[in-house]
Each structure stands twice: as C-alpha cells, then as structure tokens.
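A.B. asks: Need the 3D shape of this:
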Amino acid sequence: MNKQQIKFQLAKLKDLISRPTTDVSWSSYNSSSDAIKDLNLIEEGILNDDRTSVDKLLYLLSPTSDLQEISLSSDWENEFIEIAESLESAI
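C.D. replies: As a prediction, the model looks like this:
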C-alpha cells in the first residue's frame with residue numbers, strides 16, 4: 001500500500017469537495033464539510049493500518065456511491081475518476 005500516494009490523492013479529492021459549488025444533495029452527506037471530515041477519519045485510519053478504513057474508502061469510490069454522486073452533481077466527474085483510479089492502484 002502506497003500511503004503517500006493515498007494522502008496525495010485524498011488531498012486532491014478534499015480540495016474538489018471544498019469548492020463552493022460542490023453539491024452533496026445526491027449523497028448521504030449533509031454538507032461538504034461532513035464529507036471532508038469523513039475522508040479525514042478514513043485517511044487517519046489508513047495511515048494507522050486500519051483495514052476497515054481501506055474498505056470504507058473503496059466503498060466510497062465505487063460507482064453510484066456518495067463520492068461519485070457528488071462528483072457528477074458538482075461537474076468534476078473526470079477528475080474524480082482519475083483520483084479514484086489512482087487511490088485504488090495505491091491500495
């Protein structure tokens with residue numbers, strides 16, 4: 001597992017989510033900050049070798065899951081696909 005690559009890609013993802021135009025209405029998150037908090041917890045878990053955090057991230061990256069829905073409704077789906085592929089490769 002390439003933890004540095006995971007940190008780098010999660011930072012890019014959190015950057016996209018923090019944009020003022022991000023729309024979370026098609027996800028289970030109430031706000032962009034909730035999504036970022038969740039990703040921060042996942043990142044912390046991964047850095048501490050918590051397999052549950054890895055599984056949760058993989059789930060969030062899957063088609064029709066929260067992060068893809070956010071990317072589609074926020075018009076950065078292409079960037080999301082690149083980040084998701086890179087994260088999956090790093091895992």
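A.B. asks: ok, and what's touching stretch 61-69?
C.D. replies: 13, 26-29, 35, 59-60, 77, 80, 84, 87-88 (C-beta atoms under 8 Å, 6 or more residues apart in numbering). (Each C-beta comes from the backbone N, C-alpha and C, glycine too.)
A.B. asks: give me that answer again for 7 Å
C.D. replies: With contacts defined as C-beta atoms under 7 Å, 6 or more residues apart in numbering, stretch 61-69 is touched by 26-29, 59-60, 80, 84, 87-88.
A.B. asks: Please compute how far it lies from its chain's middle.
C.D. replies: Between the centre of stretch 61-69 and the centre of its chain there are 9 Å (C-alpha atoms, centre = their mean, to the nearest Å).
A.B. asks: coming back round to it: any chance of the contacts of stretch 61-69 in a markdown table, plus secondary structure, distance to Met1 and neighbour count?
C.D. replies: Below are the contacts of stretch 61-69 laid out as a markdown table (DSSP: H, G, I helix; E, B strand; the rest coil; distance: C-beta to C-beta, whole Å; neighbours: other C-beta atoms under 10 Å):
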| residue | secondary structure | distance to Met1 | neighbour count |
| --- | --- | --- | --- |
| Trp26 | coil | 30 | 14 |
| Ser27 | coil | 26 | 19 |
| Ser28 | coil | 26 | 11 |
| Tyr29 | coil | 26 | 20 |
| Tyr59 | helix | 17 | 11 |
| Leu60 | helix | 17 | 20 |
| Phe80 | helix | 21 | 20 |
| Ala84 | helix | 16 | 22 |
| Leu87 | helix | 11 | 23 |
| Glu88 | helix | 11 | 13 |
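A.B. asks: Switch these over to TSV; also include pLDDT and distance to Gln5.
C.D. replies: Below are the contacts of stretch 61-69 laid out as TSV (pLDDT from 0 to 100; distance: C-beta to C-beta, whole Å):
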residue	pLDDT	distance to Gln5
Trp26	93	28
Ser27	95	25
Ser28	95	27
Tyr29	97	24
Tyr59	96	19
Leu60	96	17
Phe80	97	16
Ala84	97	13
Leu87	97	8
Glu88	96	11
